[in-house]
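Engineer: Following is a predicted model, sequence given first.
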Amino acid sequence: MTAYQKSAAQPVRLGFTLIELLVVIAIIAIIIGMLLPAVQKVREAASRMKCQNNLKQLSLAMHNFHDANNALPLGTNNCCFGTWYTAILPFIEQPALGNAFQFKTATGLDQSYTATVNLPSCRTRLTPMTCPSDMPNDTAGATPMPNHNYAVNYGNTVNGQHDFAGVVFKGAPFGNVFQGYAALSYLPPVGFAQITDGLSNTLLVSELIQGQGNDLRGRLVFSEGSGITGYETPNGKGADVLAVGLCVPPTTNALNPPCTTSTTVAPVSPSTTPTNTHRLAARSRHAGGVNAAYGDGSVRFATNSISPVAWQASFSTRGGEVGE
């Protein structure tokens with residue numbers, strides 16, 4: 001047998017060398033690295049579109065409520081006795097939850113959202129009120145309830161709806177009884193005719209980030225978690241301000257936006273200087289800004305770079321400005 005015949009009889013190698021295997025793995029890693037951002041971008045685009053659709057439906061519900069009542073719903077009845085959220089439930093295809101919520105007791109007293117009879121309405125997470133870009137929190141506070149993502153416009157300054165830090169309060173589409181001194185602080189429901197800046201220039205609803213842990217930002221059945229103001233621009237670096245015990249700062253829970261607490265309250269009489277500093281900013285987990293629904297039913301994306309003047313103008317109802 002010749003040498004050629006001997007070598008031809010030797011087994012044929014079928015495997016990869018270690019170097020070849022490493023090269024293949026590296027190529028796959030590069031492809032995944034290129035595809036992953038694209039997949040994430042597509043997913044976020046879908047989430048942002050879903051969020052915009054949620055706001056569109058909510059703005060239509062506000063119009064239907066207005067048609068039925070000749071006014072928008074009240075923003076909040078003091079701290080704990082119903083908000084725009086509980087009023088709007090029948091208009092977002094949740095009549096059972098809306099009808100189950102009792103604003104008054106049998107004797108006519110205001111009924112808290114934590115009352116046993118109201119818990120079913122307040123403990124139900126609603127998908128149309130939840131932005132898919134955020135992380136749901138269903139355990140906030142001593143009485144576990146879900147936080148949600150959409151909050152109404154309480155004006156261009158603070159929750160107390162008065163002048164603040166050199167910014168003149170110029171009206172809001174949602175009244176806030178939290179201001180303090182009984183009937184003198186009551187801001188009646190607002191009709192579209194009273195929004196003299198024009199519906200297309202006036203923001204009705206925008207986004208906030210659900211507070212995580214025992215943080216009540218986004219608890220829409222509670223006054224301080226149910227509304228935003230325009231004092232801070234979208235996703236601004238300034239801290240939200242709430243009453244003591246209502247928020248968890250990012251130093252404790254890194255998922256939360258900045259916040260601080262304050263014991264300042266609304267004026268106790270008409271002669272008292274307003275000192276209420278409580279406020280929430282519009283925030284979202286979308287890149288670059290927040291979605292917002294306006295009085296004409298349109299939904300727009302407000303960028304983080306919007307000027308404070310233009311942003312505050314969109315929160316006022318009778319400021320004579322042109323919003324953006």
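Structural biologist: Yes, it's here. Numbers count the residues shown, from 1 in each chain.
Engineer: Just give the nearest non-adjacent residue to Phe81, would you?
Structural biologist: Once flanking residues are discounted, Phe81 sits nearest to Asp110: 3.9 Å by Cβ to Cβ, 6 or more residues apart in numbering. Just so you know, the C-beta spots here come from the backbone N, C-alpha and C atoms, and that holds for glycine as well.
Engineer: Residues in a beta bridge with the one you found, which ones?
Structural biologist: For Asp110, the beta-bridge partners are Lys104 (DSSP bridges).
Engineer: pLDDT value on it, please?
Structural biologist: Per-residue pLDDT puts Asp110 at 85.
Engineer: That one reaches Thr76, doesn't it?
Structural biologist: No. With contacts defined as Cβ atoms under 8 Å, Asp110 does not count as touching Thr76, sitting 11.6 Å away.
Engineer: Those two: who's more crowded?
Structural biologist: Using other Cβ atoms under 10 Å as the criterion, Asp110 and Thr76 rank with Thr76 on top: 29 against 13.
Engineer: Distance of the nearest residue to the more buried one once chain neighbours are set aside relative to Leu89?
Structural biologist: Leaving aside its chain neighbours, Thr76 sits nearest to Ser223 (4.1 Å; criterion: Cβ to Cβ, 6+ apart). Using Cβ to Cβ, to the nearest Å, Ser223 is found at 17 Å from Leu89.
Engineer: Please apply the same query to Pro234.
Structural biologist: Here Pro234 is placed at a distance of 27 Å from Leu89 (Cβ to Cβ).
Engineer: show me the contacts for the residue at minimal distance from the centre of the chain.
Structural biologist: The residue lying closest to the centre of the chain (Cα atoms, centre = their mean) is Leu208, at 2.4 Å. Leu208 makes contact with Asn149, Tyr150, Ala151, Arg217, Gly218, Ile228, Leu280, Ala281, Ala282, Arg283, Ser284, according to Cβ atoms under 8 Å, 6 or more residues apart in numbering.
Engineer: so where's the stretch 201-324 of the chain uncertain?
Structural biologist: 265-274, 322-324 (pLDDT under 70).
Engineer: any chance you could map the helices in it?
Structural biologist: 308-315 (DSSP state H, counting those that start in this stretch).
Engineer: Equivalent analysis for the stretch 1-150 of the chain, please.
Structural biologist: 3-8, 18-69, 84-88, 95-100, 119-122.
Engineer: so Gly320 touches Gly198, yeah?
Structural biologist: No. Checked against Cβ under 8 Å, the pair Gly320 and Gly198 is beyond contact range at 10.4 Å.
Engineer: With neighbour numbers in mind, choose between these two.
Structural biologist: Between Gly320 and Gly198, counted using other Cβ under 10 Å, the more crowded position is Gly198 (14 against 9).
Engineer: Now do the more buried one against Tyr294, distance only.
Structural biologist: Using Cβ to Cβ, Gly198 is found at 9 Å from Tyr294.
Engineer: cool, Gln210 as well?
Structural biologist: Separation of Gln210 from Tyr294 (Cβ to Cβ) stands at 23 Å.
Engineer: more crowded one of these two?
Structural biologist: Gln210 (28 against 22).
Engineer: just to revisit the earlier point, with distance to Thr252 and mean neighbour count as added columns, please give the helices of the stretch 1-150 of the chain in CSV.
Structural biologist: Formatted as CSV, the helices of the stretch 1-150 of the chain follow (distance: least, Cβ to Cβ, whole Å; neighbours: other Cβ atoms under 10 Å):
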stretch, distance to Thr252, mean neighbour count
helix 3-8, 73, 8
helix 18-69, 27, 14
helix 84-88, 27, 24
helix 95-100, 32, 14
helix 119-122, 25, 18
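Engineer: can you list those in TSV and add distance to Val290 and mean pLDDT?
Structural biologist: Output for the helices of the stretch 1-150 of the chain, formatted as TSV (distance: least, Cβ to Cβ, whole Å; pLDDT from 0 to 100):
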stretch	distance to Val290	mean pLDDT
helix 3-8	73	51
helix 18-69	9	83
helix 84-88	18	94
helix 95-100	26	92
helix 119-122	25	92
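Engineer: Of all the ones you listed, which one is nearest Val309?
Structural biologist: helix 18-69 (23.6 Å; Cβ to Cβ).
Engineer: related to what we said a few turns ago, next, find the distance separating the residue nearest to Thr76 from Arg217.
Structural biologist: Taking Cβ to Cβ, one finds Ser223 at 12 Å from Arg217.
Engineer: how far away is Cys79 from Ser305?
Structural biologist: Distance from Cys79 to Ser305, counting by Cβ to Cβ: 35 Å.
Engineer: what's the overlap in contacts for Asp110 and Thr76?
Structural biologist: Gly82.
Engineer: rewinding a little: out of Cys79 and Ser305, which sits in the more crowded spot?
Structural biologist: The residue with more neighbours, out of Cys79 and Ser305, is Cys79; 14 against 9, by other Cβ under 10 Å.
Engineer: That one contacts Gly225, correct?
Structural biologist: No. Judged on Cβ under 8 Å, Cys79 makes no contact with Gly225 at a distance of 10.4 Å.
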